[in-house]
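In: Dropping a prediction and its sequence here:
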Amino acid sequence: MFRRLASLLRQFSLTLMLALLAMAVVPAAQAADVEVKTARIEASDEGYRLAASFSLELSDSLRKAIRDGIPVSFTTEVELTRSRWYWVDEKVVRSEYLVRIAYNEWTQQYTVTINNGLQQNFASLDTALNLVTRPNRWLIADKSLLSAGATYNVALQLRMGLSKIPMHLQIPSFNDSHWSQKTEWKRFSFKAEDK
């Protein structure tokens, strides 16, 4: 009896170990392809807004994970710095635009939460992803914050990950690098509008 139980336990352990190994060794096809397509700063009456677009292709497994109820966060981060010859660069602006996409089984729709506030529902994931690939021109700096005629260095990045969900939902196999993609920093210069 004991030998039979030990044999079953050994088989179960081996099967579990192989399953965990298969989950840990996720092929690169799991990753999302993401890059910055366009980016510019526009002046408006309220201040300066970021106009950007991204190329984003989610893998089938990531789409399935979202459909199975795993929420995914997309964070667009922009930083404006001003070069100084006498010291390190001055960090003038740092702004984030957070889009969280989760599938609602009851309504069979994708719920998009923007900056932990506004929520919208969409029938398809691709429609919901439009808020990620073409974020609204959000206000990143007040007009008074930037010096007229000064040139600023802009850095822009889009990150995807599971970090914004509760810890008990963060399954270790979903926390590997394939599930936390980000673009390279897109860098360009911007001259603030003369008043």
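Out: Right, received. Where do you want to start?
In: what's downstream of the helix or strand of the chain with the lowest mean pLDDT, the next helix or strand?
Out: Ranked by mean pLDDT, DSSP states H and E, the helix or strand of the chain with the weakest confidence is helix 2-24, at a mean of 53. Heading C-terminal from helix 2-24, the first helix or strand you meet, by DSSP states H and E, is strand 33-43.
In: Show me the strands paired with the next helix or strand along the chain from that next one, marking each as parallel or antiparallel.
Out: Using DSSP H and E, the next helix or strand after strand 33-43 towards the C-terminus is strand 47-57. Strand 47-57 sits in its sheet next to strand 33-43 (antiparallel), strand 138-142 (antiparallel), going by DSSP bridges.
In: can you pull the buried residues of the next helix or strand after strand 47-57?
Out: Later in the chain than strand 47-57, the nearest helix or strand by DSSP H and E is helix 60-67. For helix 60-67, the neighbour count (16 or more other Cβ atoms under 10 Å) marks Leu62, Arg63, Ala65, Ile66 as buried. (C-beta placed from N, C-alpha, C; glycine too.)
In: Output helix 60-67 as PDB, nothing but the C-alphas.
Out: Only the C-alpha atoms of helix 60-67 are listed here, as PDB (Å, rounded to 0.1, in the frame of the first residue of the first chain):
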ATOM      1  CA  ASP A  60      -3.000  34.800 -28.900                       C
ATOM      2  CA  SER A  61      -2.100  33.600 -25.400                       C
ATOM      3  CA  LEU A  62      -2.200  37.100 -24.000                       C
ATOM      4  CA  ARG A  63      -5.600  37.700 -25.600                       C
ATOM      5  CA  LYS A  64      -6.800  34.500 -24.100                       C
ATOM      6  CA  ALA A  65      -5.500  35.500 -20.700                       C
ATOM      7  CA  ILE A  66      -7.400  38.800 -20.800                       C
ATOM      8  CA  ARG A  67     -10.500  36.900 -22.000                       C
END
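In: Tell me the helices and strands packed up against it.
Out: strand 72-82, strand 90-104, helix 125-133 (3 or more Cβ pairs under 8 Å, 6 or more residues apart in numbering; DSSP states H and E).
In: Could you say which of the ones you listed is packed most deeply?
Out: With neighbours taken as mean count of other Cβ atoms under 10 Å, these reach their highest mean count in strand 72-82, at a mean of 20.
In: picking that back up, can you put the strands paired with strand 47-57 in a markdown table and add mean neighbour count, distance to Ser189 and mean pLDDT?
Out: Putting the strands paired with strand 47-57 into a markdown table (neighbours: other Cβ atoms under 10 Å; distance: least, Cβ to Cβ, whole Å; pLDDT from 0 to 100) gives the following:
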| stretch | mean neighbour count | distance to Ser189 | mean pLDDT |
| --- | --- | --- | --- |
| strand 33-43 | 15 | 10 | 89 |
| strand 138-142 | 16 | 15 | 90 |
